[in-house]
Structure formats: structure tokens, C-alpha cells
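In: Quick one: sequence plus predicted model below, questions after.
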Amino acid sequence: MIRPNTDELQTKAVAVDYGATRIVEDLDLKIAPGRLTVLLGPNGSGKSTILRALARLQPVASGTVLLDAQAITRMSTKEFARRVGLLAQGAMAPDGLRVIDLVRQGRYPHRPLFGGWTADDDAAVAEALALTSLQKLQDRPLDVLSGGQRQRAWIAMTLAQATPILLLDEPTTYLDIAHQVDLMNLIRRLVDARAMTVVAVLHDLNQAARYADHLIMLKSGKVMAKGPAKDIITPEVIARAFGIEVKVFQDPDSGLPFCLPQRTLSDPADA
Ligand SMILES: Nc1ncnc2c1ncn2[C@@H]1O[C@H](COP(=O)(O)OP(=O)(O)OP(=O)(O)O)[C@@H](O)[C@H]1O
């Protein structure tokens, strides 16, 4: 159902401005196909802005975003939406829209100009509802759902889009711990079993260390550090990025690092 993917999403010397303020500068990223990349960084460091630029929702002031060596601005809206899906932050749906109607909207890029709903569309919607455990809620209007249920409905819509590349802005927001684990395991399965490329913004450093293949630490709109968890979840990198002191331990089972915050550093520049 979801196409395996070898497409490479890349930014070359990308800058993004909001008005006269430069927010992102000189950004050169190569997103590894078939891997989970997590963007980390303090509030306001540019994570959502970069994700939106990758999703073609945010115009760039200079530089280029490329998908498989082609500038994304040169693709048709439908073509791009068949290849790249975005779960945005704080998306709004019209009043009264039911879960299933929202999830069906994910099929829009696959619909021909003329022609009806197909069995493939039904299968994709059913699969997306099952993957997010929303079957029992499918006929409920979104506005009567809890924040976490609504978040899962938006994730289901993004999954129904069946794109080989998924961009997820804080996907675990509103989810309780069990649904967070379910979602992160689902993302991991999509990456491992279907070679999907996922770029996710996360705030939880330990969740990022546990699930990601690559971490990118941003600060003030620039890449401060990137690499596997063992190189990023370190007292030095975290102190420089967030101005906090952390203790880092190693999970005896996976060998992956996890951290416990200790205190804020009065002047991050001292770190
Ligand atoms: N529409 C906008 N107009 C003007 N400035 C904006 C706009 N959106 C974001 N910014 C500014 O751009 C900077 C980066 O914002 P962005 O949302 O990308 O950060 P972020 O790392 O995702 O933050 P957070 O962790 O708080 O979600 C911030 O200083 C923010 O105030």
C-alpha cells in the first residue's frame, strides 16, 4: 500500500525569513531515505520552520529544497502530495467533520481529476484507521474527541496519504504515554518494514535517542550537531543547545544513551 522509498529530500544553502528577520540560515541537510531522522532543539530554534520548508509550505528566501534532485517548487501540488506527507502542528478541521471524513481527505492526491473513489482508497483509509486504533471512533465528529484522539485522527489522515516520505511536527503532542509508545513503535515499523523516510520534530530527548537513526540538533536556525544518539545525547551537546546540565546513562539492553536533567546553567555560553 505504502510505496517503499529511495527518494532523497535535501536542502542546499536554504535560508528562511519571516519578514525582515532571518530565521534559518545556510541550511544543508540530506535526509537519509528509509530512516527516521529527528529534529531537536530549543523553542524557537527553527524546527517547525525547517519542516514546513521541506513540505513546501514555507517559501525559502534563498537556496533550494530538492526531492530526488528535483526542486520541489517545480512539482505539481498533487505529485508532491503523493510523495511527501506532513503532520503539521495545530491543524484545524471544519466543525462537525467526522474522523473518517478527515482520513479520507488523505486520499486526495491519489484521486484522478475525473473518476470515483476506488477499492485502493478504501483499503488505505481502513489501514490508516487500524494503525492508529481509531476504527471505533471513525464516525465521531472530531470536535467531540479528546486532544489525543484528535491527534491520532490527523496522523491517520497523513498515513492514508500513503507517501514514502512523512514529515511529523511533534506527533506525540497530546498523547498519553501508552499512545506515545504505540505511535513511536508504529513509526519505527513504517521505517523498518516499508523503508519509509520519516522526519519528526520531538522535544523528548530520550524518545529521540530511543527511536531515531539520526538526530539533528538545531540552535538559532542552524545545525549545531548531527549524528547518532551516542554523539548527540551527551552532556556537552545538550548543555550547548539547551543551557542545562544533564546526566547521561546507557540503557543496558540497547546500549543507547538516556539523560536526566539536573539544573539549568545560568549562562549557556559558559557550558
Ligand atoms: N509566522 C511567523 N511569523 C514571524 N515569526 C515566526 C513565524 N513563525 C515562527 N516564527 C519565529 O521563527 C522562529 C522559529 O520558529 P519555529 O516555530 O520554527 O521554532 P521551533 O523550533 O519549531 O519552536 P518550538 O519548539 O517552540 O515549536 C521563532 O523565533 C518564531 O518566533
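Out: Great, that's in hand.

In: Doesn't Asn29 lie inside a strand?
Out: I think there's a mix-up here, since residue 29 is Leu and not Asn. Yes - using DSSP: H, G, I helix; E, B strand; the rest coil, the secondary structure at Leu29 is a strand.

In: Tell me, how many residues neighbour it?
Out: Leu29 has 19 neighbours, counted by other Cβ atoms under 10 Å. From N, CA and C alone the C-beta is placed, and that goes for glycine too.

In: Quick check: it vs Arg35, distance?
Out: According to Cβ to Cβ, to the nearest Å, Leu29 stands 13 Å off from Arg35.

In: Sticking with the residue nearest to the spatial centre of the chain, tell me its helix or strand.
Out: Nearest to the mean C-alpha position of the chain, by Cα atoms, centre = their mean, lies Leu168 at 2.1 Å. Following DSSP states H and E, one finds Leu168 within strand 165-169.

In: what's the answer for Leu39, then?
Out: Counting by DSSP H and E, Leu39 is part of strand 36-40.

In: who are the neighbours of the helix or strand just after that strand, in terms of helices and strands?
Out: Counting by DSSP H and E, the next helix or strand C-terminal to strand 36-40 is helix 47-54. Judged by 3 or more Cβ pairs under 8 Å, 6 or more residues apart in numbering; DSSP states H and E, the packing partners of helix 47-54 are strand 9-18, strand 21-31, strand 36-40, strand 84-87, strand 165-169, strand 197-201.

In: so how far is the second one off the chain centroid?
Out: Going back to what we said before, that points to strand 21-31. 17 Å (Cα atoms, centre = their mean, to the nearest Å).

In: Kindly report the same for the first one.
Out: Once both centres are worked out by Cα atoms, centre = their mean, strand 9-18 turns out to sit 17 Å from its chain's centre.

In: Kindly calculate the angle that it makes with strand 21-31.
Out: Put simply, strand 9-18 runs at 170 degrees to strand 21-31, going by axes from the mean of the first three to the mean of the last three Cα atoms, to 10 degrees.

In: and strand 9-18, what's its mean pLDDT?
Out: Regarding strand 9-18, the rounded mean pLDDT is 96.

In: could you dump it to PDB, C-alpha only?
Out: Provided in PDB are the C-alpha atoms of strand 9-18 (Å, rounded to 0.1, in the frame of the first residue of the first chain):
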ATOM      1  CA  LEU A   9      15.000  15.000   0.400                       C
ATOM      2  CA  GLN A  10      17.700  17.600   0.600                       C
ATOM      3  CA  THR A  11      18.200  21.300   1.300                       C
ATOM      4  CA  LYS A  12      21.000  23.300  -0.300                       C
ATOM      5  CA  ALA A  13      22.000  26.600   1.300                       C
ATOM      6  CA  VAL A  14      18.500  27.200   2.400                       C
ATOM      7  CA  ALA A  15      17.600  30.400   4.200                       C
ATOM      8  CA  VAL A  16      14.100  31.300   5.500                       C
ATOM      9  CA  ASP A  17      12.900  34.700   6.500                       C
ATOM     10  CA  TYR A  18       9.900  35.900   8.400                       C
END
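
In: Please point out which parts of it sit buried.
Out: Leu9, Gln10, Thr11, Lys12, Val14, Ala15, Val16 (16 or more other Cβ atoms under 10 Å).

In: The third one - nearest residue in space that isn't next to it in sequence?
Out: For Thr11, the nearest residue in space outside its immediate sequence neighbours is Leu29; the separation is 4.6 Å by Cβ to Cβ, 6 or more residues apart in numbering.

In: same question, the fourth one
Out: If the residues on either side of it in the chain are set aside, Lys12 comes closest to Thr64, at 5.0 Å by Cβ to Cβ, 6+ apart.

In: Can you measure across stretch 13-22, start residue to end residue?
Out: In terms of Cα to Cα, to the nearest Å, the two terminal residues of stretch 13-22 are separated by 13 Å.

In: right, I mislabeled it, should have said stretch 126-140
Out: End-to-end distance (Cα to Cα), stretch 126-140: 15 Å.
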